[in-house]
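>>> just the structure for this:
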Amino acid sequence: MLLNSAGVYALGPFVMLSTFEKIHWAARIQIASLGLPRKLTKSRVEKAFNLCRRLQLTTQMFNKCFANINFCCKAVSATVSLWSFYFVFRYIDLHPYISYVTLMIGLECVLGIVIMFDKAFRLPEQNKELKGKIVVISSRLPLGSVIIKKKIQSVPNLGFMDGSFSLLARNSSPTFVNFVATNLVGLLVSF
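Numbering: from 1, shown residues only. Below is the predicted model of the structure:
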């Protein structure tokens, strides 16, 4: 019964992870296929542009649905890890086994967020790389390069949102770990 009810809460992170993976691998495959020495056709460039646009729309839909869940995941993870580490350092003499278990929970919360959002941090860089590759390849086409270049410039470089107010950035993981460490030290000093 407990596993069944806990499985419902794992659905959100599963959907987030699968979306990150889907977008990451679709971009990687398209970048690799554009690098292959095949006959260059306008339909091949259009197909790459359509994928770029689809990735942008998927990211926008994901942000609409999951921006607040991303923020909640980070907030809950920060709170749980902070209290877990506090419990470990405060009560290791009285309850060593429970302290080690809470240490593992705290480490899992910190590392889980960093690992879970690793693919999300790479998305803006991959979008830029894909768009650049499309522009370079389309420049070899006669007459179509100007139109495709304008179309590619119309696709914004998006990242995944963290709440309705900020984007996930690569520097948010060290900031998150620094936040946990700073507040942990503050809690330990206060007691």
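
>>> tell me which helix or strand residue 27 sits in.
Per DSSP states H and E, residue 27 falls inside helix 11-35.

>>> so which residue is smack in the middle of the chain?
residue 120 (2.0 Å; CA atoms, centre = their mean).

>>> over to it. Which of the three states is it?
The three-state label for residue 120, taken from DSSP: H, G, I helix; E, B strand; the rest coil, comes out as helix.

>>> what sits closest to it if chain neighbours are left out?
Nearest residue to residue 120, sequence neighbours excluded (CB to CB, 6 or more residues apart in numbering): residue 160, at 4.4 Å. (Each C-beta comes from the backbone N, C-alpha and C, glycine too.)

>>> contacting residues around the one you found?
By CB atoms under 8 Å, 6 or more residues apart in numbering, the residues touching residue 160 are 20, 59, 62, 63, 66, 67, 70, 117, 120, 123, 167, 168.

>>> how about low-confidence regions in this structure?
Low-confidence segments of the chain (pLDDT under 70): 1-12, 36-38, 143-145, 164-180, 184-185, 187-191.

>>> ranges for the helices of it?
2-9, 11-35, 42-91, 96-116, 118-138, 144-154, 172-190 (DSSP state H).

>>> skip the chain neighbours and tell me the closest residue to residue 156.
residue 56 (6.6 Å).

>>> now for the one you found, how many residues are close by?
18 (other CB atoms under 10 Å).

>>> shift numbering so it begins at 31
Noted, 31 is the first residue going forward, which turns the last one into residue 86.

>>> where's the nearest residue to residue 46 once chain neighbours are set aside relative to residue 103, distance?
In this structure, residue 46 finds its nearest non-sequential neighbour in residue 96, 5.9 Å apart by CB to CB, 6+ apart. Using CB to CB, to the nearest Å, residue 96 is found at 9 Å from residue 103.

>>> chain center to stretch 151-164: distance?
14 Å (CA atoms, centre = their mean, to the nearest Å).

>>> tell me which residues are up against it.
50, 53-54, 57-58, 60-61, 64-65, 75, 78-79, 81-82, 85-86, 89, 178, 182, 185, 187-190, 198-200, 202-203.

>>> check which residues of it are buried.
151, 152, 153, 154, 156, 157, 159, 160, 161, 163, 164 (16 or more other CB atoms under 10 Å).
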